[in-house]
Every structure is written in structure tokens, then in C-alpha cells.
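*Asks:* Structure for this input, please:
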Amino acid sequence: MRVNKFTGFAKAIAIVITILISTGQIFFIAIQTKAKDAKAKHRQQSNDQKITHLLTRLTFGIRPGDFEHVKAIGVNEFIAQQLDPESMKDSGLDERLRKLPTLTIGTPELIEQYTPPKAPPSPSPQPSMPATPSPSATATSVVAEQKDIITPSLSPSGTEQQMKMEKTEPQNSMMPNQISVQEMKPAGGQALKDSQPSSKPTAQKPVKNPQLVVTELQRAAVLRAVYSERQLFEVMVNFWENHFSIFANKDADRFLLTEFDRDTIRPFALGNFRDLLVATARSPAMLYYLDNWQSSVQRHYPATSDKPAKTVGGINENYARELMELHTLGVDGGYTQKDVQEVARCFTGWTIRKPNEVGLFFFNPRAHDNGEKIVLGHKIPAGGGISDGEKVLDILASHPSTAKFIAAKLARRFVGDDPPLSVINRAATTFLKTSGSIREMLRTIITSPEFFSAAAYRAKMRTPFEYVVAAMRAIKAETDADPSVFGWIARMGQPIFGRITPDGYPDRAEQWLAAGTMLERLNFAVALSSNKLKGTHIDPARILSPTDLNSPAAAAAHLSQLLLIGGVSDSTMRAIDKMAREASARPTANTLPGTRAMQPINYANTAVADNPNTSVAPLFVEELISMVLGSPEFQRR
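*Replies:* As a prediction, the model looks like this:
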């Protein structure tokens, strides 16, 4: 009886909304209370809570079986494994990523392959013919007229090319399109070919959709978070890409961001902070985003006999300011506006070779200010060239304010919105002692008493990205990370690589508690549980085995334990029990034969997987899954 499906979903959403309305403010207050509760700060978690806490903080979400695995190997061994990602195989993820070819292509090749060709210049006007042309002149004029007809058709103008792209691209999709440039042959084309052999056009390569480059990077972010065994490494890649935030759709950055992810962030995500800082400073994506590639010493040219006086160049302070405020020292880190100006002078000449054609870093000595500078009290002698910027990075990477600023951000990510000053200070001390070892800072934080305190348990609100990925991991979803998935994440308020300002997305609960975005989370839970996401499927029989799918009470108990690991509030449990009782009272048409209910879905059979009318589980199972995924408890980690 699929006719009752949407009525059932409406009930499910209504119940979850009721829970959120009744507990949302309590949840928010509870976070603040936990942070201020002195007793909770010193009270430690139970052994089972430690495992749950560790899995929700060091990974993007608990999969079925993860809890038992960590319990078997021990908390310390799990931490050691996650801090050593090179020792872990990730062949399953690698196979999925091979379907995204742009991830391994260099920037010049990306630009060449995915930039639409420029429109050719308009043909020069033909000279007027004499009133009584000779036979040879007449022949020439015929050829010229034919050239005027054919030349534009061989290379469509930018407007025509855009129309072709828009016509062939599916609406509401960011998937690749290839647009073939077709030649138009006029009548007598063969005769023209014979008379003009030297003007034969060369075949043009199909134009690839430029948006595909960013789309595949977004898909890779989702796939890595869902499937990677190196979960802490991916968490840290996500952390640093938000810390060094770049807006993907700023012109050339759509081609430069792939290199930023692959060659700038990933090699140093658990390495040394100075190395990471240098890599970001030399990254074409960062130089372009914060306009430093255009920053150069100002030069004045006097007037000459045939040219007026002019001034070229100019120093841009954007990167210098964000480097200190957002990347290192913090807004209260002790720098002044004069320091911003001096740092900007140090980075003049750090630029990009043809951003829209080559897109590689290079230092231009002619654009560099070679004068003496003073940065944070340190004298940088004149004539240093590229080393001026490198000295600035050394000063910032070893500064105590940087140590405290980075330690505070890491503690906020792993401990709580307002982490205790004690864990921040210890992490900052580790930063200074180890010359900025990110791995050792993490070890200090995630083995600390503050990390395992009762106050830290489920005290963090999941961001939209974390929520979507955690939901997929919790119910063993099979996904190809179709753009519809990160479309949901964007509607919840966190488009991937879509933060326009360089400050990155906030890591505090209040940012994500707006009613509209919470409703989108519930809608996503319903779409996921009912197999309505393109390219994503779930199998209730697989996640609920060996539970009988025809028993609402058994399914409800199993799901709440599986997805919430025992941490269920009374109000949520009452709502789940009520839904189970209502499902038990429905006609038997809402259930499936036992043999069918326990049979896993064959996803190779697309007629089953993609057909919304195919019954793959009783309706109440979908409702229960959406209820649990939409519960206040699942919003937290």
C-alpha cells in the first residue's frame, strides 16, 4: 500500500520536528551547561562512552561494527593507527576515486582540457571589387565570399558556444558535458576545398564542462569521508581546508583548487605546521583567491617626449592580513597595521604564471620590493628577494600566538565549543616543543583528561557535511557521491568549497541550529532512508540483520542501539516507541514476507534499486530510520 507512503513520512517528519522543538533549546542550553559544569569537567566517561566518543571525534561517524572493533583492539591502539595513516590500506576508496580522473591531472592540463576555446577574431572586411572585374578577379571574389560564409561556422563564437553548452547540460546538474564543435559544410564545399587547400581547418577537440573540475573535487570529499579507513587523516584534511579556506568559484580557482587539495593540504595534514604554511603561501589557489598574485612594488615612469608619466603596480594587503589574522597569529595575536603593510611588501613578486593558462607558482623579482622591512620586531634586510617571504613564514610559524591560536582551533574541533584553557595550553606547549608537529598536538589533545571528560561527551554539533556523511556511514549506504548529495549539504548551509569569505565555516553549534537548516536535515534523512537520493542506496536488511523487519518493536530497538549507541533521551525513545506501536497496528500490507524482508538488495538490478515503487522494506522501517537519523542525539558527536 504505497499510497500511504507520503502520509507516513509526513507523520515521521512531524514527530521529529516536535522532538526538536521541545528539546532544541534544552539541547543548546545543555551544551553551554556542560562547558561550565565544573564537576563534569573532572568526571570521566565510562569505557563504552570513551569508545563512542573517540569514534565520533576521530572519524566522520560510526559504522556498524566499528564500536566492537575498537573495543577489541583497545582505545590506545585505535589512536595509534589513526595517527599513522600511511600504515593503513585504503584500496576500497582508491577504486572509487579512480572514477574521478581530474583528481590526478596537473593544473596546466586541467586548464587546457576544461577551458572552452576562445572565439576567433572576426574576419577582416574584404576590399571592394572594381566595377568591371577581370575573370581572375571574379574568381578571387567568389572564394572570398565563400570564406566569409564558412569561417565563422568552423569556430563558433563565445555566445554560440555557451548556447550549445547550456542546451546540452542537464538542468540542476553539475555532471560533465562534452560539447562537439560541428563543422557546417556549404554547398560546393568540395570545390572550395580544392581551390583553397592551405585554409583547411584543423579538427577541434570536444569542450569539457569546466564545472566538472570542482564537481569531482566535491565528490571526492564526500567519498573520502564516507569510505576512507584513514578517518582521522580525512578529518584533518577537512579541518585544514576550512582553516585555509578558498572559495572554489572565484574564476581561475576552479582549476587551481584540485592542486591545492592534492599537493598543498594532503601531504602536510598530519605533518609540520611550517611546511603546511609554506605550501599554502606558494599555492596558486591561495595567491589567486587573496589577490597576492597581483601584488607588486609600485614603479613610477617619468614622461617622455611621446608618452605621459605613469605609475604601474601596487601592493595588495589581502594575503598579508589573512595570513596573520586567520592562518597564524589570530586577530588578537599582537600584530599591527604596520606589520600587515610590511608583510605585504615581503610577499610582493609571489605570483602565478598565467593563472588562466598555466596556473603555476613563480617568483617575479622585478615585482618584488627589495627594501628593508621590519615584521613583528624582526629586521629583514634589503635585497632578500623570495627569502623575505620565507623569513616571514618562519617568524609566524614559531610565534607563541600561532601556537595558541592553532591549539585553540584544534581543541575546539576535538573537545568542545569552549575547550578548557588547560588543554589549549598543553597543546600550544607541544606545538612549540616539536616545532609545530600537528601529529603530536593531536596526540596531546585526544589523550588528555579533558578530551575524555563527561563534559565533552556529545557536546559538539555536527556540521551539515559531518551530518550527511555520518548518516551514510551509520546505515552503510552505497553512494557514488552524486552532486545531489552535496546539494543537500549546501541547502543545510555548508556548500563544499563554497565559503565566500576566507574565515572558513564556524565550528560552533549556534551556526547550525537555525530552524530552516534543521528542517533540511530531516528532509535529507527521509530521502536517504527511502532510497530517494540519486546514486545512493541503502539496504535495511543488511543493517538490521538478524532482526525481523516485520517486527516494528524489534527494528526500533535495534536501530536506536545501532545508530545512537545507547545514548537515547527519554523523549526520543518515547517518540520511537510511539512510531513502532503505530506501525504494529497497521494492516499487514505494510510488511513483507520474512524471506523477502531478510534478503539483501541486489543493487546491480537497477530496475529494483532505482524504482521508487519497488518495496525493499516495510514502510515503518524507512520511517524509523529517518526518525533516528533526525533525532537530536544523532545531530551531536
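
*Asks:* Low-confidence regions, the protein specifically.
*Replies:* By pLDDT under 70, the low-scoring segments of the chain are 1-42, 119-207, 549, 566, 586-617.

*Asks:* Can you give me the domain assignment for it?
*Replies:* For the chain, automatic domain parsing gives the domain ranges 2-36+463-635, 101-109+212-303+313-397, 402-452.

*Asks:* how about these in TSV, adding distance to Gln81 and mean neighbour count?
*Replies:* Every residue, glycine included, has its C-beta placed from N, CA and C. Below are these laid out as TSV (distance: least, Cβ to Cβ, whole Å; neighbours: other Cβ atoms under 10 Å):
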stretch	distance to Gln81	mean neighbour count
domain 2-36+463-635	17	18
domain 101-109+212-303+313-397	9	19
domain 402-452	13	20
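
*Asks:* Tabulate the ones you listed in JSON lines, adding columns for distance to Gln49.
*Replies:* Output for those, formatted as JSON lines (distance: least, Cβ to Cβ, whole Å):
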{"stretch": "domain 2-36+463-635", "distance to Gln49": "8"}
{"stretch": "domain 101-109+212-303+313-397", "distance to Gln49": "19"}
{"stretch": "domain 402-452", "distance to Gln49": "8"}
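
*Asks:* Need the nearest residue in space to Phe363, chain neighbours excluded.
*Replies:* Computed as Cβ to Cβ, 6 or more residues apart in numbering, the closest residue to Phe363 that is not its neighbour in sequence is Ile386, at 4.4 Å.

*Asks:* Then Thr52?
*Replies:* Using Cβ to Cβ, 6+ apart, the closest residue to Thr52 is Ile565 (4.8 Å).

*Asks:* coming back round to it: in this model Gly349 seems to touch the residue nearest to Phe363, though I could be wrong.
*Replies:* Yes: here Ile386 reaches Gly349: they are 7.2 Å apart, a contact under Cβ atoms under 8 Å.

*Asks:* hey, what's in contact with both of those two?
*Replies:* Both Ile386 and Gly349 are in contact with 363, 365, 368, where contact means Cβ atoms under 8 Å, 6 or more residues apart in numbering.

*Asks:* what's near enough to touch the second one?
*Replies:* Counting by Cβ under 8 Å, 6+ apart, Pro365 makes contact with 349, 385-386.

*Asks:* Name the helix or strand for the residue lying closest to Pro101 once chain neighbours are set aside, please.
*Replies:* Distance criterion Cβ to Cβ, 6+ apart; nearest residue to Pro101, sequence neighbours excluded, is Glu216 at 7.7 Å. Applying DSSP states H and E as the criterion places Glu216 in helix 211-227.

*Asks:* May I have the phi/psi pair for the residue lying closest to Trp488 once chain neighbours are set aside?
*Replies:* The shortest distance from Trp488 to any residue other than its chain neighbours is 4.8 Å, reached at Phe524 (Cβ to Cβ, 6+ apart). Main-chain dihedrals, Phe524, degrees, to the nearest 10: phi -60, psi -40.

*Asks:* how about Phe524, what does it touch?
*Replies:* Residues near Phe524 by Cβ under 8 Å, 6+ apart: 467-468, 471, 488, 492.

*Asks:* where's it relative to Asp507, distance?
*Replies:* As defined by Cβ to Cβ, to the nearest Å, Phe524 lies at a distance of 21 Å from Asp507.

*Asks:* repeat for Phe620
*Replies:* 37 Å.
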